[in-house]
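Asker: need coordinates for the following:
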Amino acid sequence: MKARTRPRIVVLCNRDFEGAEEDPENKAREDVKEIADHIVRILSANGYEASGVGVTSDVAGALSELRVCRPAAVFNLCESIHGDNRFESLLPLLLELERIPYTGSGPFALSLALRKEKVKEILRARGVPVPQGCLVSAQSELPAVNLRFPVIVKPAREDASVGITRASVVHHRAALDARVLHILDHYHQPALVEEYIDGREIYVSLLGQVGGELQVFPFFEIDFSAMPPDRPKIVSFEGKWVEDSVEYKGTRPVRCEGLSPELRDKIAQTALDAFRCIGLRDYGRMDIRLSADGTPYIIDVNPNCDLSDLAGGFSRAAKTGGLSYKDVILRLISLALARRVDETPIPLAEPPSEPDLDAESESLPSGRGFAPAGVRRGVARST
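Answerer: This next block holds a predicted model:
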């Protein structure tokens, strides 16, 4: 058999967008296939034997494919299974069981990031600024919401701006109640209600280095100057994905300029603190709202941020920081390969042989030690 000379890499992505073309919010998942294909081409052209595996609801089938491929590492782009983001951490768990290193954050951080209210609780407890907010899981909980208006209401378990529209920022109780009920009914999950921070929206992208510290790329922010005055200054689903919409044209990413060195350092440190508090790995993006008093509030933690070349904010920030898209992809796979463990794991202990209970009971001194299972002291075991 010819020896393999190039490390084999499998690029793993979700395929749950197939068959759901009628769902406009499915666009957020559909782009992952193009990203995966691009990464396969880059790896193949740079010393790796690369191929792609798409994950459907047949997770066992995908795992079988991986076992056949026997990759040196997996480039993980799987963000959901069967249209449900809650299963984002399933593949990393299975990869760890198979002892296959993979790119990106581990299962704990991925699961935690999908519990947005828990992320905010942890960051708040560690002194990282976050907006005041609460989770509403049922209509009966609405009267207990006591936050300063305006507030923003969004699904608690989604990403890619799914469930965020111009109606998400509300200014009075009736609108709040209506929006929360929409989230509960339409998305079948709790609603996260947070005080709306009126200020600059800044994105901080971070990338790991093999044997080194996290690299913080130059900041980008959203230019809301072209947003109509009747629309809130947020990045809605339309603003992120619907290119012919008013909100898409009104949310242009630009270099973040005009910050003092002290404020820039403060924002970078806040992003680093959030990255480490939530346990992210390899790469991620922190979404920050900068209030009028100069406080950088973390509004979202993204462990699986968009890795597309031309449209992706992470790639854009990396290029501004001097790294090409190819550099980013090769850095990420190097980080995964650096975690490869080739030594044999500690074997599980062999189960003990069935003891001779009669002989064991005879050897125990009277009144000392534990009686064998099924034997009470002073009572003979029935035969």
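Asker: C-alpha only now, for contacts and for neighbours.
Answerer: Fine.
Asker: how many residues are close by P229?
Answerer: Neighbourhood size, P229 [other C-alpha atoms under 10 Å]: 9.
Asker: what's the answer for the one 3 residues further on, then?
Answerer: Each residue near P232 was counted by other C-alpha under 10 Å, and the total is 18.
Asker: where does the stretch 201-350 of the chain dip in pLDDT?
Answerer: 341-350 (pLDDT under 70).
Asker: rerun that using 50 as the cut-off
Answerer: Residues of the stretch 201-350 of the chain meeting the criterion pLDDT under 50: 343-346.
Asker: let me see the ranges of the strands in it.
Answerer: Using DSSP state E, counting those that start in this stretch, the strands of the stretch 201-350 of the chain run over residues 212-216, 220-223, 252-255, 283-290, 296-302.
Asker: can I assume V145 is in contact with S137?
Answerer: No. Counting by C-alpha atoms under 8 Å, V145 sits too far from S137 to count as a contact (11.5 Å).
Asker: quick check: what element follows the helix or strand hosting N76 along the chain?
Answerer: If you go by DSSP states H and E, N76 is part of strand 73-77. Counting by DSSP H and E, the element after strand 73-77 in chain order, helix or strand, is helix 90-97.
Asker: what about that following helix, distance to the chain center?
Answerer: Its chain's average C-alpha position is 14 Å from that of helix 90-97, according to C-alpha atoms, centre = their mean, to the nearest Å.
Asker: avg pLDDT for that helix?
Answerer: Helix 90-97 shows a mean pLDDT of 94.
Asker: could you check the angle strand 73-77 makes with that helix?
Answerer: Between helix 90-97 and strand 73-77, the angle comes out at 170 degrees (axes from the mean of the first three to the mean of the last three C-alpha atoms, to 10 degrees).
Asker: and helix 90-97, which residues are buried?
Answerer: For helix 90-97, the neighbour count (16 or more other C-alpha atoms under 10 Å) marks L90, L91, P92, L95 as buried.
Asker: surely the third one is in contact with L110?
Answerer: No. The criterion here is C-alpha under 8 Å, and P92 misses it with L110 at 9.1 Å.
Asker: wait, doesn't L332 sit right on Y102?
Answerer: No. Counting by C-alpha under 8 Å, L332 sits too far from Y102 to count as a contact (9.1 Å).
Asker: of these two, who's got more company?
Answerer: Y102 (31 against 22).
Asker: the closest residue to that one other than its chain neighbours: what's it in contact with?
Answerer: Leaving aside its chain neighbours, Y102 sits nearest to V74 (4.5 Å; criterion: C-alpha to C-alpha, 6 or more residues apart in numbering). Taking C-alpha atoms under 8 Å, 6 or more residues apart in numbering, we find V74 in contact with I9, V10, V11, L12, I100, P101, Y102, T103, I333, A336.
Asker: all helices for the stretch 201-350 of the chain, in order.
Answerer: 237-241, 246-249, 261-278, 313-320, 325-338 (DSSP state H, counting those that start in this stretch).
Asker: who wins for proximity to P296 among those?
Answerer: helix 261-278 (6.0 Å; C-alpha to C-alpha).
Asker: how does the protein divide up, domain by domain?
Answerer: 8-104, 133-196 (automatic domain parsing).
Asker: out of those domains, which gets the lowest mean score?
Answerer: Looking at the domains of the chain, the bottom one is domain 8-104 with a mean of 87.
Asker: quick check: end-to-end length of that one?
Answerer: 18 Å (C-alpha to C-alpha, to the nearest Å).
Asker: just stretch 46-62 next, same as before
Answerer: First-to-last residue span, stretch 46-62, C-alpha to C-alpha: 25 Å.
Asker: what comes up buried for that stretch?
Answerer: So for stretch 46-62, counting by 16+ other C-alpha under 10 Å, buried means Y48, E49, A50, S51, G52, V53, G54, V55, T56, V59, A62.
Asker: now the residues you listed as TSV including distance to D282 and secondary structure?
Answerer: Formatted as TSV, those follow (distance: C-alpha to C-alpha, whole Å; DSSP: H, G, I helix; E, B strand; the rest coil):
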residue	distance to D282	secondary structure
Y48	20	coil
E49	22	strand
A50	20	strand
S51	21	strand
G52	21	strand
V53	21	strand
G54	22	strand
V55	22	strand
T56	25	coil
V59	25	helix
A62	24	helix
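Asker: quick one: contacts for Y248?
Answerer: The contact partners of Y248, taken as C-alpha under 8 Å, 6+ apart, are E238, G239, K240, W241, V242.
Asker: and which of the residues you listed is nearest to C69?
Answerer: W241 (34.6 Å).
Asker: from K319, how far off is that closest one?
Answerer: 22 Å.
Asker: thinking again about what came up before, for the contacts of Y248, could you give me JSON lines that also reports neighbour count and distance to D282?
Answerer: Listed next are the contacts of Y248 as JSON lines, based on neighbours: other C-alpha atoms under 10 Å; distance: C-alpha to C-alpha, whole Å:
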{"residue": "E238", "neighbour count": "22", "distance to D282": "29"}
{"residue": "G239", "neighbour count": "23", "distance to D282": "28"}
{"residue": "K240", "neighbour count": "18", "distance to D282": "24"}
{"residue": "W241", "neighbour count": "19", "distance to D282": "26"}
{"residue": "V242", "neighbour count": "16", "distance to D282": "30"}
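Asker: redo the residues you listed as a markdown table? Include distance to A271.
Answerer: Formatted as a markdown table, the contacts of Y248 follow (distance: C-alpha to C-alpha, whole Å):
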| residue | distance to A271 |
| --- | --- |
| E238 | 26 |
| G239 | 24 |
| K240 | 22 |
| W241 | 25 |
| V242 | 28 |
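Asker: nearest to P229 among those?
Answerer: Among the contacts of Y248, and counting by C-alpha to C-alpha, the member closest to P229 is G239, at 14.8 Å.
Asker: show me the contacts for the closest one.
Answerer: S245, V246, E247, Y248, K249, G250, T251.
Asker: try G104
Answerer: N76, L280, R281, D282, Y283, P303, N304, L332, A336.
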